[in-house]
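**Student:** here is the input, now give the coordinates:
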Amino acid sequence: MKLPDLEAWAIFACVNEHRSFTAAANALGTSKATVSKAISRLEAHLGAALFHRTSRQLTLTQAGAQLAPRAAAILAEAIGAEEAARDEASAPSGLVRIAAPMSFGLKHLGPALADFMAAHPGITLDVHLSDERVDIIAGGFDIAIRIAAMPDSSLRARRIGGVTGHIVAAPTYLDQHGRPQHPADLADHAFFSYANAPNGGTLEFTRAGGEKATIRPTGPFRANSGDLFLPLLRAGLGIAMLPDFIVDDDLAAGTLERVLPGWATMSAAGLHIVSPPSDPRPRRVTLLIDFLAERLKRLCGTR
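**Tutor:** Numbering: from 1, shown residues only. Take a look at the predicted model:
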């Protein structure tokens, strides 16, 4: 059996990424002639041209376009294997890029990452906080924290625990405007809308006995950060649905009150650590995932 020309496949992936033999050679620290010979060698072996070459541009042929994703996967797997081998032989080091929701990241992720960095000083962290759902593969992230019902996908997802959503308002607001007894009553109240809510802000409720209700309330305030709701809620200006990790302290202090306590929503939501499907992972990424899973599991408790 003739072994595949893995070097040529890796060079093909690099040329495709840079769309230039010269730029690929510079990135690889080799000569343009070496790159050109590797592509010609691979084309001869495959019996098909991989690039259309002109004096001004380099574009993939139909065969090249079909094979480019496989070449990129071969290169990524090789890089991952080498990183894993180096990691096992030395203290973990290198960069881990993380995406996480804004409110959750500020309140809970920051303290956890401080402890992780103290334990692993060789690892560098790059954290991107946003309540918008980022494409972790296109964005080059190693890990993402997701608070949602996870759809089927090629991503690797590790569920840490449940997240409960609460309809809340200040007692002063409820004393003045009344306490809703049914989800349909929310239509008569100043309901704050979360801009990144799934399903266009539609809320689905259930309660014991199987009764269900679906509503889409509207109100005078809309924002893409749940933390921004808190000052307005405390001031008695409206009602909102927020996750427990944002409102637990206010509920315990009595500055906010649960509305519709007999009804449940966000039942399918959970806290997940998501990562790209590539394997093996660098050791530094596995260490961080395991650390966060244990740390955040305590936060979720039995929810």
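**Student:** those strands in the stretch 151-300 of the chain, which residues are they?
**Tutor:** Per DSSP state E, counting those that start in this stretch, the stretch 151-300 of the chain carries strands over the ranges 156-162, 165-169, 193-194, 203-207, 212-215, 222-223, 239-243, 257-259, 263-264, 270-275.
**Student:** including distance to Ile74 and mean neighbour count, could these go into JSON lines?
**Tutor:** Bear in mind the C-beta positions are built from the backbone N, C-alpha and C, glycine included. Listed next are these as JSON lines, based on distance: least, CB to CB, whole Å; neighbours: other CB atoms under 10 Å:
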{"stretch": "strand 156-162", "distance to Ile74": "20", "mean neighbour count": "16"}
{"stretch": "strand 165-169", "distance to Ile74": "44", "mean neighbour count": "23"}
{"stretch": "strand 193-194", "distance to Ile74": "42", "mean neighbour count": "19"}
{"stretch": "strand 203-207", "distance to Ile74": "44", "mean neighbour count": "17"}
{"stretch": "strand 212-215", "distance to Ile74": "48", "mean neighbour count": "13"}
{"stretch": "strand 222-223", "distance to Ile74": "45", "mean neighbour count": "15"}
{"stretch": "strand 239-243", "distance to Ile74": "41", "mean neighbour count": "23"}
{"stretch": "strand 257-259", "distance to Ile74": "54", "mean neighbour count": "18"}
{"stretch": "strand 263-264", "distance to Ile74": "48", "mean neighbour count": "18"}
{"stretch": "strand 270-275", "distance to Ile74": "20", "mean neighbour count": "22"}
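**Student:** center of the chain - which residue?
**Tutor:** Nearest to the geometric centre of the chain sits Ala144, at 3.1 Å (CA atoms, centre = their mean).
**Student:** what packs against the helix or strand that contains that residue?
**Tutor:** Using DSSP states H and E, Ala144 sits in strand 143-148. Helices and strands touching strand 143-148, by 3 or more CB pairs under 8 Å, 6 or more residues apart in numbering; DSSP states H and E, are strand 94-100, strand 270-275, helix 283-300.
**Student:** residues touching that strand, excluding its own?
**Tutor:** 96-101, 104-105, 109, 133-134, 136, 157, 163, 198, 243, 269-275, 285, 288-289, 292 (CB atoms under 8 Å, 6 or more residues apart in numbering).
**Student:** from Ala213, how far off is the residue nearest to Gly105 when sequence neighbours are not counted?
**Tutor:** In space, and not counting its chain neighbours, Gly105 is closest to Leu129: 4.4 Å by CB to CB, 6 or more residues apart in numbering. Going from Leu129 to Ala213 by CB to CB, to the nearest Å gives 33 Å.
**Student:** outline the domain layout of the chain.
**Tutor:** With domains defined by automatic domain parsing, the chain comprises 6-89, 94-163+269-300, 165-264.
**Student:** hang on, the earlier thing: the strand holding Ala144 to strand 239-243, inter-axis angle?
**Tutor:** Put simply, strand 143-148 runs at 140 degrees to strand 239-243, going by axes from the mean of the first three to the mean of the last three CA atoms, to 10 degrees.
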